[in-house]
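Trainee: Give the three-dimensional model of this entry:
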Amino acid sequence: MCRVGALKSKKYTHPSKVLYLMLPQQKGHDNSGFAMVMQDLGGVFMPYKKLPLLSYAGNSASVEKIHNYMQSKGFTMRFEWSPRCTPQAGLDIALLEHYNFEVYDYPAAYQNAEQPVKENLLTDTRLALRALTAENDGAFIYSFWPDVLTLKEIGNPADIGLYFNLWQEDTDFCAKIITVQCRQNTNYAIVRYAAHPFFLQGYTALANGENTFYVKNKEFQKALHRGYIGFESDSQCFLYTLHYLQHELKWPLEYYKHVITPLPFQDLLRREDKNVLLALRQSLPHLEINGPNTIIGVLPDGRVINVNDSKKLRPVVVGSDGDTVVISSEVCGLNVILPDRDQEKDIYPNEREMIVIDNNLEVARWKQ
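Mentor: Below you'll find the predicted structure:
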């Protein structure tokens, strides 16, 4: 069973916080990996919030390929940053040569383009770079998006934190939203792309659990969007459904829960909106999920959500100290990083609701 976490704060926060969030939950993961997505960045990335940030890791040959490709497409690098690494004997990490985070100016022809045009450019560029560097796992292209940084690695999370100096708090590397998981996708092959969280066009998702409708989801989703690729993890389907309903169909957020875990027919038929909900079940049955899981998502507008399977078979808790709201698989994580919160106000989401944390850190509970 995995463990997941998310932090949303009014202040810029170093990723050491999410490492400490996950540390007491270490019996719930198998030391196979660590991954995080940081959004609403501060520190050294603060001046570049409107420019796309490319997050990747790979060998020297692939770095050269990436730089040549970006130059050929008219992208100009504005800023480059790599974490200060500390090699030590005995660390359990499957190290790559380079871990690069590069900020680019848009090509001249796209400087004044509409947002959808820029979004398509960034998506197509990331997919092209992934294909370009796929041979022999030369590089892993995680995200290419403004104000978003992704780091993934295979190995012991504590050792990964040591190598990247993530245990030591500083003001250069920080964000207001951080999602994290300390486990690789061990149901399938160990592949860096399979490590949660997953990101696409401003949407982030990660999960604790399994999706036993994975094949049904995957076969349907493959034809919906060019960005729905890989499927190295059954949990990627959660991201693609969220993206499809919100970004492509532009449906209200509450329908995400109704699509992935529909109400039983006897309950659905008693509702005033039964015709809409019946239409959802009839039109998108292949996006329903099954199995034990709890899902955390981040939307492009900065809201953070949590939904659970229809039987609530995975643990999750939400706590706040007024400046920071944290979602954690286990309450012991909250006790470490939010020791002064009012524990009586902790929320244990149920199987038929969606938790929505807005940008004022107000926590809403939407009943399905």
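
Trainee: now the helices for this protein?
Mentor: 16-22, 60-72, 115-132, 157-163, 214-221, 236-243, 255-260, 265-268, 274-283, 331-337 (DSSP state H).

Trainee: How about the fifth one, which residues are buried there?
Mentor: For helix 214-221, the neighbour count (16 or more other C-beta atoms under 10 Å) marks Tyr214, Lys216, Asn217, Lys218, Phe220, Gln221 as buried. In this view, the C-beta of every residue, glycine as well, is placed from N, C-alpha and C.

Trainee: State the number of residues packed around the residue lying closest to the fifth one once chain neighbours are set aside.
Mentor: Of all residues not flanking Phe220 in the chain, His286 sits nearest, at 3.6 Å (C-beta to C-beta, 6 or more residues apart in numbering). With neighbours defined by other C-beta atoms under 10 Å, the count for His286 comes to 14.

Trainee: any idea how far Lys218 is from His286?
Mentor: Separation of His286 from Lys218 (C-beta to C-beta, to the nearest Å): 9 Å.

Trainee: before we move on, the earlier item: can you verify my assumption that the residue nearest to Phe220 contacts Lys222?
Mentor: No: between His286 and Lys222 there is no contact under C-beta atoms under 8 Å: 10.9 Å.

Trainee: gap between the two ends of stretch 317-331?
Mentor: 6 Å (C-alpha to C-alpha, to the nearest Å).

Trainee: Now tell me what touches it from outside.
Mentor: Under the contact criterion C-beta atoms under 8 Å, 6 or more residues apart in numbering, stretch 317-331 has outside partners 2-11, 13, 21, 24-25, 28, 208, 294, 296, 304, 306, 314-316, 333-334, 337-338, 340-341, 343, 345-349, 355, 357, 361, 363.

Trainee: then the helix or strand of the chain with the lowest mean pLDDT to PDB, C-alphas only?
Mentor: Least confident helix or strand of the chain, by mean pLDDT, DSSP states H and E, is helix 157-163 with a mean of 91. C-alpha atoms of helix 157-163 as PDB (Å, rounded to 0.1, in the frame of the first residue of the first chain):
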ATOM      1  CA  PRO A 157      13.400   8.300  -0.100                       C
ATOM      2  CA  ALA A 158      15.600   9.200   2.900                       C
ATOM      3  CA  ASP A 159      18.700   8.700   0.700                       C
ATOM      4  CA  ILE A 160      17.200  10.600  -2.200                       C
ATOM      5  CA  GLY A 161      16.600  13.500   0.300                       C
ATOM      6  CA  LEU A 162      20.200  13.300   1.400                       C
ATOM      7  CA  TYR A 163      21.600  13.200  -2.100                       C
END
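
Trainee: What residue in this structure is the furthest from its centre?
Mentor: Arg270 (35.6 Å; C-alpha atoms, centre = their mean).

Trainee: Tell me where the model's unsure across the stretch 1-150 of the chain.
Mentor: 1, 27-31 (pLDDT under 70).

Trainee: List the residues that contact the residue farthest from the centre of the chain.
Mentor: Contacts of Arg270 (C-beta under 8 Å, 6+ apart): none.

Trainee: Check the gap between it and Pro264 for me.
Mentor: 10 Å.

Trainee: what does Leu166 give?
Mentor: Distance from Leu166 to Pro264, by C-beta to C-beta: 44 Å.

Trainee: quick one: which of the two has more around it?
Mentor: Leu166 (23 against 8).

Trainee: from what I can see the more buried one touches Pro157, true?
Mentor: No: using C-beta under 8 Å, Leu166 makes no contact with Pro157, being 9.3 Å away.

Trainee: Report the contact partners of the closest residue to Ile357 other than its chain neighbours.
Mentor: Take Ile357 and drop its neighbours on the chain: the residue closest to it by C-beta to C-beta, 6+ apart is Val304, 4.4 Å away. Counting by C-beta under 8 Å, 6+ apart, Val304 touches Ala6, Lys8, Ile177, Ile296, Gly297, Val298, Val325, Ile327, Val356, Ile357.

Trainee: Over to Ala205?
Mentor: Taking C-beta under 8 Å, 6+ apart as the test, what Ala205 contacts is His196, Pro197, Phe198, Ser235, Phe238, Leu239, Leu242, Ile295, Ile296, Gly297, Val298.

Trainee: Let me see the confidence value for it.
Mentor: Ala205 is assigned a predicted lDDT (pLDDT) of 97.

Trainee: Not counting its neighbours along the chain, what's nearest it?
Mentor: Counting by C-beta to C-beta, 6+ apart, the nearest residue to Ala205 once its immediate chain neighbours are dropped is Leu239, at 3.7 Å.

Trainee: next one: His14
Mentor: Per C-beta to C-beta, 6+ apart, closest to His14 is Glu169, 4.3 Å.

Trainee: my read: Gln168 touches Ser16, true?
Mentor: Yes: if you go by C-beta under 8 Å, Gln168 and Ser16 touch, sitting 6.8 Å apart.

Trainee: Which one of these two is surrounded by more residues?
Mentor: Using other C-beta under 10 Å as the criterion, Gln168 and Ser16 rank with Ser16 on top: 18 against 13.

Trainee: Buried among the contacts of stretch 317-331? Need that as a selection in PyMOL.
Mentor: Burial among the contacts of stretch 317-331 is assessed by 16+ other C-beta under 10 Å; the matching PyMOL selection reads:
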select buried, resi 2+3+4+5+6+7+8+9+13+21+24+25+28+208+294+296+304+306+314+315+316+333+334+337+338+341+346+347+349+355+357+361+363
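
Trainee: so where's the stretch 201-350 of the chain shaky on pLDDT?
Mentor: Ranges of the stretch 201-350 of the chain meeting pLDDT under 70: none found.

Trainee: got any residues that touch both of Arg270 and Pro264?
Mentor: By C-beta under 8 Å, 6+ apart, no residue touches both Arg270 and Pro264.
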